[in-house]
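*Asks:* Fold the following, please.
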Amino acid sequence: MKKRMVAGWFVLFAFITVTGYAENDVLKSLPEIKDIEAVPEIKDIKAAPEIKDLKAVPEIEETEKEINFEAISLIERMENDEIVLNDSLYRFSPDVKFYSKTGKLVSRSKFHVGTRVGYILNPENIYEVISVWEVEK
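*Replies:* Okay, the predicted model is just below:
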């Protein structure tokens with residue numbers, strides 16, 4: 001029994017000794033505690049800008065049958081703000097739009113003499129083209 005008690009005291013002494021050294025090493029390696037700086041107060045919170053309802057842009061999967069073209073023709077001439085289609089001279093609307101075969105908005109430069117197009121005229125001015133659509137040959 002005495003041997004167990006001595007062994008127990010020895011273990012306890014060893015634990016206290018090792019722990020004491022560990023605490024001293026840990027305490028030496030810790031940085032100094034500094035004052036905690038307060039987070040600045042937020043005074044002015046601006047409201048988010050109002051989100052306006054946007055009109056949904058329709059998916060364009062239109063073909064020449066789904067669009068009511070004035071006619072389908074080959075471009076006979078196209079210069080500045082004029083185009084000749086079916087032997088008739090038309091002016092481009094200031095807001096004229098050009099569309100590819102897939103219905104995507106494209107640059108006017110994709111169209112040239114000989115391109116087959118469908119076109120839509122301004123209902124208020126039958127000599128003004130408001131949109132030109134490339135169509136299948």
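*Asks:* what does the domain assignment say about the protein?
*Replies:* The record assigns the chain these domain ranges, following automatic domain parsing: 1-29, 71-134.
*Asks:* For this structure, which residues score under the pLDDT cut-off?
*Replies:* Scanning the chain for pLDDT under 70 picks out 1-36, 52-65.
*Asks:* what pairs with the helix or strand where S93 lies, and is each one parallel or antiparallel?
*Replies:* If you go by DSSP states H and E, S93 is part of strand 88-99. Sheet pairing for strand 88-99, assigned by DSSP bridges, gives strand 82-85 (antiparallel), strand 105-106 (antiparallel), strand 125-134 (parallel).
*Asks:* could those strands go into a markdown table alongside mean neighbour count?
*Replies:* Heads up, the C-betas are built off the backbone N, CA and C, glycines and all. Putting those into a markdown table (neighbours: other CB atoms under 10 Å) gives the following:
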| stretch | mean neighbour count |
| --- | --- |
| strand 82-85 | 18 |
| strand 105-106 | 14 |
| strand 125-134 | 18 |
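*Asks:* how about those, which one is nearest T115?
*Replies:* Closest approach to T115 among the strands paired with strand 88-99 (CB to CB): strand 125-134, 6.2 Å.
*Asks:* hey, C-alpha coordinates of stretch 106-125 in PDB?
*Replies:* Only the C-alpha atoms of stretch 106-125 are listed here, as PDB (Å, rounded to 0.1, in the frame of the first residue of the first chain):
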ATOM      1  CA  VAL A 106     -27.800  42.300 -85.100                       C
ATOM      2  CA  SER A 107     -25.800  45.000 -86.800                       C
ATOM      3  CA  ARG A 108     -27.000  46.500 -90.100                       C
ATOM      4  CA  SER A 109     -23.600  45.500 -91.500                       C
ATOM      5  CA  LYS A 110     -24.800  41.800 -91.700                       C
ATOM      6  CA  PHE A 111     -27.200  42.800 -94.500                       C
ATOM      7  CA  HIS A 112     -26.100  43.500 -98.000                       C
ATOM      8  CA  VAL A 113     -27.400  43.400-101.600                       C
ATOM      9  CA  GLY A 114     -28.800  39.900-102.300                       C
ATOM     10  CA  THR A 115     -29.800  39.100 -98.600                       C
ATOM     11  CA  ARG A 116     -33.300  37.600 -98.400                       C
ATOM     12  CA  VAL A 117     -35.300  39.500 -95.800                       C
ATOM     13  CA  GLY A 118     -38.700  40.000 -94.400                       C
ATOM     14  CA  TYR A 119     -39.500  43.600 -93.500                       C
ATOM     15  CA  ILE A 120     -42.100  45.500 -91.500                       C
ATOM     16  CA  LEU A 121     -43.300  48.900 -92.400                       C
ATOM     17  CA  ASN A 122     -44.400  51.800 -90.100                       C
ATOM     18  CA  PRO A 123     -48.200  51.700 -90.100                       C
ATOM     19  CA  GLU A 124     -48.200  55.500 -90.000                       C
ATOM     20  CA  ASN A 125     -45.800  55.800 -93.000                       C
END
